[in-house]
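Chemist: Here you go, sequence then predicted model.
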Amino acid sequence: MSDPGGARSGLREWVVNVGTTINAGIKWSGGLAVMFGQAVVRGPRRPFGLFDISYQIVQLGIRSIPVTTMMSLFVGMILAWQFGEALADFGAKNSLGYVTSLALVRELVPTLLAVTVGTKMATGMTAELGSMKVTEQIDAISALGADPIKKLVWPRLVAASIAMPLLVAWGNVIAMLGGMLIADTVFDVPAGYFYHTYIDELEPLHYIMSETKAVVFGGLAGIVGCYQGFTTKFGTEAVGLATTETVIAVSVMVLLADFALTTFFMPIG
Amino acid sequence: MNDANHSAVAGPVSARSGALAIANTSGVRRAIGTTIGEYHGRTCARGEPIIEFEQVDKAFGPNVIYRSMDLQVRLGETLTIIGGSGQGKSVCLKLMIGLLHAEGGQVCYYGEDVGGMNAEQLRELRMRVSMVFQGGALFDSMTIAKNVGYALREHTDMGDDEIERRAAESLTLVGLGPEDYPELMDQMPAALSVGQRKRVALARSIAVRPEVILYDEPTTGLDPSNCNRIARMIRKLQRELGVTSIVVTHDMTTAWYVSDRVALLHDKQFPFVEDVQTFRAIDDPIVRDFIEGRTS
């Protein structure tokens, strides 16, 4: 016979756990929003910190070009191959450019780069700022009369929001070249023909959609990375934990934002 | 503490030591605009309370740190705060410069509630009250010269050469001047020993010629000779710059050497705050146990 007291206690524990998780999620989102608000309000004040922003663009953007190039090339090649196989069955392999362009530019390149390169940016920020928090360097900035949000968060937020669209633009070109390579070598679709059909399918709104997603994803990576760093608990283990949580947080938030932006753009595109 | 008009009559400035007069003529002090014993038209004579904790309550979640805590820090003195680990000695320092906020009561600087200060007021406060963190908290990505000159770059319109000269002066005050250590200013913090890092942190905090310096465990992790060096430096800075010092430490040798008064944190309050001689003579078992390191 089952024990109703035990079941009630188990149910209560489950409800408490769910409540605690929801509560923690709300607090986390609230903290993130507050930090974003503080950065947007305090960041643009003089001095603008252009050196710090450009330094971060180099750190986050330029150093991510190799991984962006590799990711985009292979995404372009894989997608072209997959679509090519299916289209060949219907004798429609000449449409390969039409089919791959929309998927790559509107969706795959910005999202995959956000999940990989964006996560790399965010975890780097979390580890760096988390270490600064643990060694009291963030407190030291405050104690010296400076504003850690303006000094540390604002340059990273702006740099990530600038670097990500540039990387996505580059990634779009490389992904097209990857698709072109497979189209020409595997499916005998001439590279020039693939290029014309690829470009022909795209409209300005598709580029805007791609770049808007990149700006949002870059901003999300920046703010999540900084927030996780600033809220790191004490101890070196905490830095590792915060970094791991950043990977999950950025991935989930990018997918949620992607869905929201797709919902917004699809009716007008 | 007096209003400016009263102080002119009482003449607290003339009552200050020669060291204070020298400190007030410092170029950096002029550049920053800080004056010892004067803040927003209020004055404080030597020996009068400059920082006051009034019925302060502080807790981190269920962990209560202070309950109705009172403490006064007097202008020009070195007050040492002692107490067991994890009892909240460092919290006391962070409350003084608004890095943490009290849940109840007030922490006042020249009678102004630190908890009620806006960002600009806090910035001004932190130029007058600087803190030396336990591990130094030097910025890893900056050279020693940039670390020491950080606040000057942030808050003054001094040129790079002038800031570097001021940084060199501050480093000389802590015994790490360019004459003795010609390479040091261009080195990164990671290249320094723990003792040197603490001294650079001290140089960084005095670069703005503050009125008050807060030392969070300045001798922890150092060998006896470095402990002695830091303790002598705290005394020297008080003498030469006229600063008020609040030192949090476990090291009783340092405490006896640097202090004018000693405060023992016990049971979320400071029940014993006395000058060194009186404190050492206290017969209460709580004080005796702590001083003598007894575990009873």
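Modeler: In hand now; what should we look at?
Chemist: mind checking which helix or strand the one residue in the stretch 151-296 of chain B that gets nearest to chain A is in?
Modeler: Going by C-beta to the nearest C-beta, chain A is nearest to residue B:151 of the stretch 151-296 of chain B, at 4.4 Å. To be clear about C-beta, it is placed using only N, CA and C from the backbone, and glycine gets the same treatment. If you go by DSSP states H and E, residue B:151 is part of helix B:150-155.
Chemist: count of neighbours near the residue in the stretch 151-269 of chain A that chain B sits nearest to?
Modeler: Proximity of the stretch 151-269 of chain A to chain B (C-beta to the nearest C-beta) peaks at residue A:151, 8.8 Å away. Other residues near residue A:151 number 17, with proximity taken as other C-beta atoms under 10 Å in any protein chain shown.
Chemist: what kind of secondary structure is it in?
Modeler: What DSSP: H, G, I helix; E, B strand; the rest coil gives for residue A:151 is helix.
Chemist: Pull the residues that contact stretch B:101-112.
Modeler: With contact meaning C-beta atoms under 8 Å, 6 or more residues apart in numbering or on different chains, stretch B:101-112 is reached by B:1, B:39-40, B:42, B:44, B:50-59, B:66, B:68-69, B:95-96, B:113-115, B:121, B:125, B:128-129.
Chemist: who's in contact with residue A:253?
Modeler: The contact partners of residue A:253, by C-beta under 8 Å, 6+ apart, come to A:220, A:224.
Chemist: sec struct for it, please.
Modeler: Quick answer, by three-state DSSP: residue A:253 is helix.
Chemist: how about the residue lying closest to residue B:88 once chain neighbours are set aside, secondary structure?
Modeler: Closest residue to residue B:88 apart from its sequence neighbours, by C-beta to C-beta, 6 or more residues apart in numbering or on different chains: residue B:65 at 3.7 Å. Of the three states, residue B:65 takes strand according to three-state DSSP.
Chemist: can you tell me how far residue B:65 sits from chain A?
Modeler: Residue B:65 sits 16 Å away from chain A when distances are taken as C-beta to the nearest C-beta, to the nearest Å.
Chemist: Pretty sure residue A:100 sits against residue A:81.
Modeler: No: in this structure, residue A:100 is not within contact of residue A:81 by C-beta atoms under 8 Å, at 9.9 Å.
Chemist: neighbour-wise, which of the two wins?
Modeler: Taking neighbours as other C-beta under 10 Å, residue A:100 and residue A:81 compare with residue A:100 leading, 31 against 17.
Chemist: where do the helices sit along the stretch 51-200 of chain B?
Modeler: B:89-96, B:119-128, B:144-148, B:150-155, B:160-173, B:194-206 (DSSP state H, counting those that start in this stretch).
Chemist: In CSV: those helices, plus mean pLDDT and mean neighbour count.
Modeler: Converted to CSV, these look like this (pLDDT from 0 to 100; neighbours: other C-beta atoms under 10 Å in any protein chain shown):
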stretch, mean pLDDT, mean neighbour count
helix B:89-96, 94, 23
helix B:119-128, 90, 17
helix B:144-148, 95, 24
helix B:150-155, 89, 20
helix B:160-173, 91, 19
helix B:194-206, 91, 24
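Chemist: Pipe these into JSON lines and attach distance to residue B:243 per row.
Modeler: Output for the helices of the stretch 51-200 of chain B, formatted as JSON lines (distance: least, C-beta to C-beta, whole Å):
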{"stretch": "helix B:89-96", "distance to residue B:243": "14"}
{"stretch": "helix B:119-128", "distance to residue B:243": "10"}
{"stretch": "helix B:144-148", "distance to residue B:243": "17"}
{"stretch": "helix B:150-155", "distance to residue B:243": "15"}
{"stretch": "helix B:160-173", "distance to residue B:243": "11"}
{"stretch": "helix B:194-206", "distance to residue B:243": "8"}
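Chemist: Narrow the contacts of stretch B:101-112 to those in strands?
Modeler: The members of these that map onto strands under DSSP state E are B:39, B:42, B:50-59, B:66, B:68-69, B:113, B:129.
Chemist: who's in contact with the residue nearest to residue B:88?
Modeler: B:58, B:59, B:87, B:88, B:91, B:268.
Chemist: now for these, which pair is the farthest apart?
Modeler: Comparing every pair within the contacts of residue B:65 by C-beta to C-beta identifies B:59 and B:87 as the most remote, at 12.9 Å.
Chemist: give me every residue that touches residue 59.
Modeler: You didn't pick a chain, so chain A it is. Residues in contact with residue A:59, defined by C-beta under 8 Å, 6+ apart, are A:124, A:159.
Chemist: That was the other one, I meant chain B.
Modeler: Listed by C-beta under 8 Å, 6+ apart, the contact set of residue B:59 reads B:65, B:66, B:103.
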